[in-house]
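Enquirer: no letters, just coordinates:
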């Protein structure tokens, strides 16, 4: 409805895109005095109309308004039963998001997408729904001139969850008087794959990998800046030593997938080796494994491993086939541009745990000074590598852990270092120079001072897992223990830690031996204080959980 206010006049003439009163092509104006109602032409194609009211008494005076005629959006099912596809076609440059919920108050929203230049169709995947539930959805369209259009309310009923996506049992508890950090929980389950839940433990998303074979596991899954997910699908990283023999039929690759699970791009181990050779690298990778991260420049970094034979290593006469790790940096076209190989930079005669699976690297962090922190589980170290945004030498700049380069402050050396660790994370904005680093200290091969043991020192559980946060000073080469949650549980592998936005600490016990049904896992949110208090806990029965971590939502930049 358009209304005109006049001074010294009582009548106007109306045009739509220069056509008097409009027509069936540009839309029509129905008038009543100084008020006009614009009706867009029928059909699926929208348009931008300029409606002008001109004074009859003085035709030099007029006023115009821009009207956006937007065809009603449509909602369709996708290959993922918990994901809908909402399509709408704004006729001009605009930003589009979808709000959705179980009633017309909605409550959740997707991230914002831009139309093509000049307007056009936008398809938004709507995810984060409970199974077999009726949802209401509405597109919010914001045009470049500030005009907002709200689509008609749409409905969609989500489907059932495939049976193989559901762990035996998920249970959640929240401590009385405590409020957990809002968001969702992303579960990277073994052998179950990827799922997301709300904080009540209800599954709201899953990834059903296609074309997966050969005992493949998903390790890990990470959201990309574009809202897709990067993941590794590969056999156990120790397979080159333990078997079964690797064959082309075994899935071993990195993938980018969207919310429906559709593969956007992929790189398998065979193609990777071809590209490595074409780029002049001598590395022959055997298994992609454990980690993939996206760098600010759009490159991906991930682990591979390979074997080398050594003769008469210290204490090991004869020939020993050793499994070591390498890091590959690929550009946005998935072409290798930088490689780091553990055989070139670490001492083959240092092997404190699980040799000849020598390094067993499992996590990578990118630092603000352009280098990499790498968790090397079987060395009981986190090392810093000279990466320098792809221009570095690959030299090991320092080693954090027992027998490394740092002095431990505020704790007992060697007991309070991390052992067979996983999933380190920065706690705070700083990631170089002086910073806090949390670690999932699994504790498998923990060392103790001479003439003592875990039992003699009175620990409640032997062996035990702990969650240390070290205050790292790269100049003074000190690691000060500023938080240490020594657990009464033991998780011999996997897991991670995270700093939550509310200041709490979250950690994942990948293989929690205390769950009633094995395998099992648990994720904990605790306060960051000397005596950590439990805020929230999720328990999983029927699967281990390589990583479980809190995300704001299923969309970048959106908090649920």
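Expert: Okay, I see it. Values in this document were obtained by computation on a predicted structure and should not be read as measured data.
Enquirer: only C-alpha atoms from now on, for both contacts and neighbour counts.
Expert: Fine.
Enquirer: longest helix anywhere in this protein?
Expert: As assigned by DSSP state H, the longest helix anywhere in the chain is helix 269-278.
Enquirer: pull the distance from that one to the chain's centre.
Expert: 26 Å (CA atoms, centre = their mean, to the nearest Å).
Enquirer: next, the contact list for the residue in the chain sticking out farthest from the centre, please.
Expert: Most distant residue from the mean C-alpha position of the chain: residue 57, 64.0 Å away (CA atoms, centre = their mean). By CA atoms under 8 Å, 6 or more residues apart in numbering, the residues touching residue 57 are 9, 11.
Enquirer: sec struct for it, please.
Expert: coil (DSSP: H, G, I helix; E, B strand; the rest coil).
Enquirer: repeat that for residue 343.
Expert: Residue 343 is classified as helix under three-state DSSP.
Enquirer: what of residue 285?
Expert: coil.
Enquirer: cool, and residue 141?
Expert: Assignment for residue 141 (three-state DSSP): strand.
Enquirer: again, but for residue 490
Expert: The three-state label given to residue 490 by three-state DSSP is coil.
Enquirer: that one is in contact with residue 440, isn't it?
Expert: No: Residue 490 is not in contact with residue 440 according to CA atoms under 8 Å; the separation is 11.2 Å.
Enquirer: give me phi/psi at the residue nearest to residue 361 when sequence neighbours are not counted?
Expert: Nearest in space to residue 361, with sequence neighbours left out and distances taken as CA to CA, 6 or more residues apart in numbering, is residue 376 at 4.2 Å. Main-chain dihedrals, residue 376, degrees, to the nearest 10: phi -110, psi 90.
Enquirer: wait, what's in contact with residue 376?
Expert: Taking CA under 8 Å, 6+ apart, one finds 359-363, 382-383, 420-421 in contact with residue 376.
Enquirer: what do you get if the cut-off is 10 Å, keeping everything else the same?
Expert: 325, 342, 358-364, 382-383, 399, 419-422 (CA atoms under 10 Å, 6 or more residues apart in numbering).
Enquirer: more neighbours: which of residue 490 and residue 440?
Expert: residue 440 (28 against 22; other CA atoms under 10 Å).
Enquirer: how's the chain carved up into domains?
Expert: What automatic domain parsing lists as the domains of the chain is 2-69, 74-157, 163-551.
Enquirer: got the ones you listed as TSV, with mean pLDDT and distance to residue 559 columns?
Expert: Putting those into TSV (pLDDT from 0 to 100; distance: least, CA to CA, whole Å) gives the following:
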stretch	mean pLDDT	distance to residue 559
domain 2-69	88	30
domain 74-157	97	9
domain 163-551	96	6
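Enquirer: now those in JSON lines, with distance to residue 560?
Expert: Below are the domains of the chain laid out as JSON lines (distance: least, CA to CA, whole Å):
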{"stretch": "domain 2-69", "distance to residue 560": "30"}
{"stretch": "domain 74-157", "distance to residue 560": "6"}
{"stretch": "domain 163-551", "distance to residue 560": "5"}
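Enquirer: correct me, but residue 385 touches residue 372?
Expert: Yes: at 5.2 Å, residue 385 counts as touching residue 372 under the criterion of CA atoms under 10 Å.
Enquirer: my read: residue 34 touches residue 56, true?
Expert: No: counting by CA under 10 Å, residue 34 stays clear of residue 56, with 11.5 Å between them.
Enquirer: now do the shared contacts for those two.
Expert: Contacts common to residue 34 and residue 56, judged by CA under 10 Å, 6+ apart, are 10-13.
Enquirer: just the buried members of those residues?
Expert: Neighbour counting with 16 or more other CA atoms under 10 Å marks residue 12 as buried within these.
Enquirer: so which of the shared contacts of residue 34 and residue 56 are in strands?
Expert: 12-13 (DSSP state E).
Enquirer: on that earlier part again, common neighbours of residue 385 and residue 372, please.
Expert: 366, 394, 396-397.
Enquirer: give the ChimeraX command for selecting the buried subset of the residues you listed.
Expert: Entered in ChimeraX, the line below selects the buried ones among the shared contacts of residue 385 and residue 372, by 16+ other CA under 10 Å:
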select :366,394,396
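Enquirer: ok, so of the shared contacts of residue 385 and residue 372, who is nearest residue 131?
Expert: Checking those against residue 131 with CA to CA, the nearest one is residue 366 at 36.8 Å.
Enquirer: who's in contact with that closest one?
Expert: So residue 366 contacts 293-296, 301, 372-374, 384-385, 387, 389, 426, 431-432 (CA under 10 Å, 6+ apart).
Enquirer: what about the residue nearest to residue 361, distance to residue 490?
Expert: 20 Å (CA to CA, to the nearest Å).
Enquirer: do residue 480 as well
Expert: Per CA to CA, residue 480 is found 24 Å from residue 490.
Enquirer: same question, residue 343
Expert: Distance from residue 343 to residue 490, by CA to CA: 31 Å.
Enquirer: and for residue 175?
Expert: Using CA to CA, residue 175 is found at 22 Å from residue 490.
Enquirer: same thing with residue 449?
Expert: Distance from residue 449 to residue 490, by CA to CA: 21 Å.
Enquirer: check residue 560 too.
Expert: Relative to residue 490, and taking CA to CA, residue 560 is found at 32 Å.
Enquirer: and stretch 266-279, which residues are buried?
Expert: For stretch 266-279, burial by neighbour count (16+ other CA under 10 Å) applies to 267-270, 272-273, 275-276.
Enquirer: mind putting these in a markdown table, distance to residue 232 included?
Expert: Shown next, in a markdown table, are the buried residues of stretch 266-279 (distance: CA to CA, whole Å):
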| residue | distance to residue 232 |
| --- | --- |
| 267 | 10 |
| 268 | 10 |
| 269 | 11 |
| 270 | 15 |
| 272 | 13 |
| 273 | 16 |
| 275 | 18 |
| 276 | 18 |
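Enquirer: out of the residues you listed, who's nearest residue 407?
Expert: Distances from residue 407 to the buried residues of stretch 266-279, taken by CA to CA, are shortest for residue 276, at 39.0 Å.
Enquirer: now for the closest one: which residues touch it?
Expert: Neighbour list for residue 276: 270, 282-285, 328, 330, 335-339 [criterion: CA under 10 Å, 6+ apart].
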